[in-house]
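S.K.: Fold the following.
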Amino acid sequence: MSKTFATLILILIFLHSSLIGQKILTPEEQLEDVTYLVERLEEIHPNPYAYLSKEDFNQRIEVLKNELRGEMSKSDFANLLMPLVSALGDAHTEMEVPRTAFQEFKEAGGRLFPFLIDIREDQLFVKDHPSYGEAEIIQINNRDINEILEAIRSYVSAERKAFREVVIERNWQSYACFELGEIQTIKLLRDGKELELNKWTEPLSIKRPAAYEMEIVKGKAWLHFNRMTNLGAFKKFLKRSFLSIEEQGIDTLIIDLRQNGGVDSRLGD
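M.R.: You can find the predicted model right below:
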């Protein structure tokens with residue numbers, strides 16, 4: 001029996017597409033998976049229709065079922081299902097880009113997007129790069145960036161736009177690969193001039209920030225709290241940080257949550 005979804009309960013429900021070991025799905029298997037997804041969603045989630053009515057959700061399912069007419073790759077199938085799940089508008093109920101397909105693409109030497117990105121007011125910018133930092137990205141593979149962003153946003157579950165943008169920024173490589181395939185060309189706007197890149201040899205500038213770190217800035221303690229993960233390590237980090245704060249006689253603490261995407265609320269508590 002084909003069940004290409006696994007459910008993992010943390011605070012609410014997360015739905016992740018595994019789609020492992022099955023590169024092509026028949027229409028019958030696709031329909032079975034859609035049915036299983038909805039059944040598990042309603043069984044496990046305490047209130048799946050908090051933001052989107054069940055009637056609207058069922059209408060979307062019927063539209064989706066009409067598109068299940070032939071064999072489909074796991075990525076094409078995910079392309080149909082991800083907007084369905086994200087339409088629920090619940091940041092704790094999501095379907096990720098198929099991890100195995102992305103990993104296989106990387107291991108095969110596929111060309112990934114080479115920059116960190118920053119989304120500001122519906123515009124995309126290169127972030128923290130020595131040669132192209134702050135350049136605006138206007139096209140990828142000859143597709144307009146607004147069209148690309150609109151498609152990728154439909155894959156991301158969120159209650160608020162700001163949260164959706166942070167998720168996209170953090171996972172841009174995998175989303176860009178999923179939506180665009182191999183990256184062939186990037187068109188930038190820098191200092192008022194257009195620049196097209198079709199090859200790049202500089203090391204990939206992808207460096208994930210630490211989950212939590214503290215620095216002292218002008219006599220103030222600045223705690224960057226980027227991810228709620230690993231409660232045991234977080235407790236040790238807090239102990240070290242507050243000992244340092246006490247030893248240095250610092251009386252101002254700034255907790256920076258701007259990049260925090262959540263996960264384990266016990267760390268927040």
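S.K.: Could I get the buried residue list for whichever strand or helix holds Glu62?
M.R.: Per DSSP states H and E, Glu62 falls inside helix 54-65. For helix 54-65, the neighbour count (16 or more other C-beta atoms under 10 Å) marks 57, 64 as buried. C-betas here are computed from N, CA, C, even on glycine.
S.K.: mean confidence for that helix?
M.R.: Helix 54-65 shows a mean pLDDT of 95.
S.K.: got it, and stretch 102-122?
M.R.: Averaged over stretch 102-122, pLDDT sits at 88.
S.K.: just to revisit the earlier point, check which helices and strands the helix holding Glu62 sits against.
M.R.: Secondary-structure packing of helix 54-65 (3 or more C-beta pairs under 8 Å, 6 or more residues apart in numbering; DSSP states H and E): helix 27-44, helix 74-86.
S.K.: chain center to whichever helix or strand comes after the shortest one, what's the gap?
M.R.: As assigned by DSSP H and E, the chain's next helix or strand after helix 74-86 is helix 99-107. When distances are taken as C-alpha atoms, centre = their mean, to the nearest Å, helix 99-107 is centred 16 Å away from the chain's centroid.
S.K.: Can you report how many residues lie near Gly268?
M.R.: For Gly268, the neighbour count with other C-beta atoms under 10 Å is 12.
S.K.: ok, now Glu94?
M.R.: Glu94 has 20 neighbours, counted by other C-beta under 10 Å.
S.K.: so the nearest residue to it once chain neighbours are set aside is in which element?
M.R.: Excluding the flanking residues, the one nearest Glu94 by C-beta to C-beta, 6 or more residues apart in numbering is Ser157, at 4.0 Å. Ser157 is part of no helix or strand, with elements assigned from DSSP H and E.
S.K.: so how many other residues sit close to Ser157?
M.R.: Ser157: 22 surrounding residues under other C-beta under 10 Å.
S.K.: thinking it is in contact with Leu84, fair?
M.R.: No - assessed by C-beta atoms under 8 Å, Ser157 is found out of contact with Leu84, at 10.5 Å.
S.K.: which residues in this protein form strands?
M.R.: 5-9, 13-17, 24-25, 72-73, 116-120, 123-127, 136-140, 143-144, 186-190, 193-197, 212-217, 220-225, 253-256 (DSSP state E).
S.K.: closest one to Phe115 among the helices and strands packed on helix 54-65?
M.R.: helix 74-86 (23.1 Å; C-beta to C-beta).
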